[in-house]
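> how would this look folded up:
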Amino acid sequence: MSEAAFYLVIDLEATCDDGGRMRREETEIIEIGAVLVDAATLATIDSFQTFVRPIRHRQLTPFCTQLTSITQADVDPAPTFPVALQRLTRWIGGRGALFCSWGDYDRDQFGRDARRHGVALPFGARHLNLKRAFGERMGEARGPGVGQALRRVGLRFEGTPHRGIDDARNIARLLPFSLGQAPIPPLGPRR
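Have a look, this model is predicted:
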């Protein structure tokens with residue numbers, strides 16, 4: 001499925017609220033979690049995590065902290081998006097990696113933040129939507145959430161949900177199933 005030497009599995013967390021006061025165009029990345037996976041063996045090679053200091057909505061909402069477990073103390077000393085992106089780029093180190101995420105949200109949020117800050121992303125325009133690939137393997141139009149997908153293949157979520165690095169690690173565990181290199185077990189009889 002990929003000519004790339006590596007899969008770069010990324011999960012982002014961003015500013016958010018539960019009352020609709022923050023429009024999607026205004027949200028900002030507050031955590032980048034990334035896992036580099038060898039494309040030939042699907043073994044995890046390395047991981048990267050950084051918090052990111054927001055500049056538009058500097059104060060995290062209680063909803064955002066409750067959802068992500070990311071606190072104001074995590075983001076206040078964190079680098080801004082351009083610096084965090086430089087660190088991610090250095091970590092990738094020119095390795096030919098295909099950017100992957102569970103759905104298109106992460107790709108779209110990266111694009112919004114890059115445009116806002118006038119910086120280029122280190123992985124080009126190619127993107128693999130692993131959620132869609134997983135759904136197609138199940139014969140469904142839409143793929144399930146990460147937790148549902150893990151349960152479907154008999155795995156437990158490891159870490160804290162809605163934390164970029166933990167979500168990225170769990171998504172990397174789903175790569176063999178999304179790429180068709182491991183079978184997705186059929187659903188058992190409904191009771």
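> in the longest helix seen in the chain, which residues are buried?
Looking across the chain with DSSP state H, the single longest helix is helix 164-178. Within helix 164-178, the residues that count as buried by 16 or more other Cβ atoms under 10 Å are 164-175, 177-178. From N, CA and C alone the C-beta is placed, and that goes for glycine too.
> for stretch 69-83, same thing?
By neighbour count on 16+ other Cβ under 10 Å, the buried set for stretch 69-83 is 70, 74-75, 78, 81.
> and for it, what's in contact with it?
For stretch 69-83, the external contacting residues (Cβ atoms under 8 Å, 6 or more residues apart in numbering) are 13, 28-31, 50-55, 59-60, 64-65, 84, 87, 113, 116-117, 119, 160, 162-163.
> alpha carbons only: can I get it in PDB?
Extracted as PDB, the C-alpha positions of stretch 69-83 are listed here (Å, rounded to 0.1, in the frame of the first residue of the first chain):
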ATOM      1  CA  SER A  69      -6.200  15.400  30.500                       C
ATOM      2  CA  ILE A  70      -3.900  18.100  29.200                       C
ATOM      3  CA  THR A  71      -3.500  20.900  31.700                       C
ATOM      4  CA  GLN A  72      -2.600  24.600  31.500                       C
ATOM      5  CA  ALA A  73       0.600  23.700  33.200                       C
ATOM      6  CA  ASP A  74       1.400  21.400  30.300                       C
ATOM      7  CA  VAL A  75       0.900  23.900  27.500                       C
ATOM      8  CA  ASP A  76       2.100  27.200  29.200                       C
ATOM      9  CA  PRO A  77       5.800  26.300  29.000                       C
ATOM     10  CA  ALA A  78       5.400  24.400  25.700                       C
ATOM     11  CA  PRO A  79       6.900  25.500  22.400                       C
ATOM     12  CA  THR A  80       4.600  27.400  19.900                       C
ATOM     13  CA  PHE A  81       3.500  25.500  16.800                       C
ATOM     14  CA  PRO A  82       6.400  26.500  14.500                       C
ATOM     15  CA  VAL A  83       9.000  25.400  17.100                       C
END
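> chain center to that stretch, what's the gap?
Distance of stretch 69-83 from the chain centroid (Cα atoms, centre = their mean, to the nearest Å) equals 17 Å.
> with stretch 143-158 instead?
15 Å.
> pull the CA atoms of stretch 160-169 into PDB?
The C-alpha atoms that make up stretch 160-169 are tabulated as PDB, following Å, rounded to 0.1, in the frame of the first residue of the first chain:
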ATOM      1  CA  THR A 160      -5.100   7.600  28.200                       C
ATOM      2  CA  PRO A 161      -7.700   8.200  25.500                       C
ATOM      3  CA  HIS A 162      -7.600  11.600  23.800                       C
ATOM      4  CA  ARG A 163      -3.900  11.900  24.500                       C
ATOM      5  CA  GLY A 164      -2.000  12.300  21.300                       C
ATOM      6  CA  ILE A 165       0.900  10.000  22.000                       C
ATOM      7  CA  ASP A 166      -1.300   7.200  23.500                       C
ATOM      8  CA  ASP A 167      -3.800   7.500  20.600                       C
ATOM      9  CA  ALA A 168      -0.900   7.300  18.100                       C
ATOM     10  CA  ARG A 169       0.600   4.200  19.700                       C
END
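> all good on my end, thank you.
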